[in-house]
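Asker: Sharing a model prediction with you, sequence too.
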Amino acid sequence: MRSAWRTLDSATLRAVIVMCLSVLVIGASYGVAAHSAGLALWQIVLIATVVLAGSSEFVFVGVLAAGGVPVVAALAGLLVNTRNFGYGLAVGKHLRGLPEILFGAHLINDETAAMTTAESEPRRARAAFLLCGLGILICWPAGAGLGALLGSSVASPEILGLDAAFPALLAALAIPALRTRATWAAVAGGGAIALASTPFLPAGLPILCALAGFAAVEVVRSLLPRRAPAPAHTLVDSEVPR
């Protein structure tokens, strides 16, 4: 793991640290919500460690708080977490060996996927994924436990303004990838779909629906005629051997 630290530059390391601190703050918010829903401290920390997926856990707690049964809450959380399948396709190619793939599957989430795809070099992408994943594996349960302990005294941690660092950091990581018109079109289409579906779907599902923007762009590109490559050299009549 020391070599992973040496692989990444200082800017990426700072991004990993800020990401993990943001997750710590959001984890505290989850801990407060879970405590209010009636979960015990050990249950909150155990779920945060085993699931390690904020959106799913917020959905789970929200269903419980609304009076739903735990089985329905768990199924709703699993549905929200199906977007990790796409993340796995993007991240898995950078992992080495079955043990690392299995462990890496537990670390896949919005944050680690963003850190990985922001790196173009495979070795750096792997290092960013593992370091960010291990940091979140520590910070998310720690934040959840802290929120559960403090209870209602931190019922609104967003007043500190630290929660804004999380979406802002994700945006900063995504912007460098917007290099082509096709990517911009996919982002615009996916963003419109996510915004339109947000009032009607549980948290996390609009993000999954946003993948339809990418699919639509790929369909359009496949239907458009492709230009034939220009010939390297075209003989004119005067150059044709007589």
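Answerer: Alright, I've got the coordinates.

Asker: tell me the secondary structure for Pro199?
Answerer: Secondary structure for Pro199, judged by DSSP: H, G, I helix; E, B strand; the rest coil, is coil.

Asker: For it, grab phi and psi.
Answerer: phi -70, psi -10 (degrees, to the nearest 10).

Asker: That one: neighbour count?
Answerer: Residues lying near Pro199 (other C-beta atoms under 10 Å) number 7. C-betas here are computed from N, CA, C, even on glycine.

Asker: Quick check: it vs Leu13, distance?
Answerer: 38 Å (C-beta to C-beta, to the nearest Å).

Asker: swap in Gln43?
Answerer: Computed as C-beta to C-beta, the Gln43 to Leu13 distance reads 34 Å.

Asker: Okay, helices next: where are they in the chain?
Answerer: Along the chain, the stretches classed as helices by DSSP state H are 2-7, 10-36, 41-51, 54-65, 70-80, 84-91, 97-107, 110-117, 122-150, 165-174, 181-197, 205-209, 211-223.

Asker: Turn those helices into a markdown table, columns for mean pLDDT and mean neighbour count.
Answerer: Compiled in a markdown table, those are given as follows (pLDDT from 0 to 100; neighbours: other C-beta atoms under 10 Å):
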| stretch | mean pLDDT | mean neighbour count |
| --- | --- | --- |
| helix 2-7 | 61 | 11 |
| helix 10-36 | 86 | 20 |
| helix 41-51 | 92 | 17 |
| helix 54-65 | 80 | 22 |
| helix 70-80 | 79 | 17 |
| helix 84-91 | 86 | 16 |
| helix 97-107 | 92 | 13 |
| helix 110-117 | 88 | 24 |
| helix 122-150 | 91 | 22 |
| helix 165-174 | 56 | 15 |
| helix 181-197 | 79 | 15 |
| helix 205-209 | 68 | 19 |
| helix 211-223 | 68 | 13 |
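
Asker: Let me see the contact set for the nearest residue to Gly145 once chain neighbours are set aside.
Answerer: Closest residue to Gly145 apart from its sequence neighbours, by C-beta to C-beta, 6 or more residues apart in numbering: Val45 at 4.7 Å. By C-beta atoms under 8 Å, 6 or more residues apart in numbering, the contact list for Val45 reads 141, 144-145, 148.

Asker: And the pLDDT for Ser120?
Answerer: Per-residue confidence (pLDDT) for Ser120: 81.

Asker: For it, the count of nearby residues, please.
Answerer: With neighbours defined by other C-beta under 10 Å, the count for Ser120 comes to 9.

Asker: Backbone dihedrals for it, please?
Answerer: Torsion angles, degrees, to the nearest 10, at Ser120: phi -90, psi -20.

Asker: For Gly88, see how far away it is.
Answerer: For Ser120 relative to Gly88 (C-beta to C-beta), the value is 19 Å.

Asker: Contacts only, for the nearest residue to Leu195 once chain neighbours are set aside.
Answerer: For Leu195, ignoring the flanking residues on the chain, the nearest one in space by C-beta to C-beta, 6+ apart is Pro206 at 7.6 Å. Contact analysis of Pro206 by C-beta under 8 Å, 6+ apart lists 193-195, 197-198.

Asker: quick check, nearest of those residues to Cys20?
Answerer: Nearest to Cys20, judged by C-beta to C-beta, of those is Ala194 at 25.1 Å.
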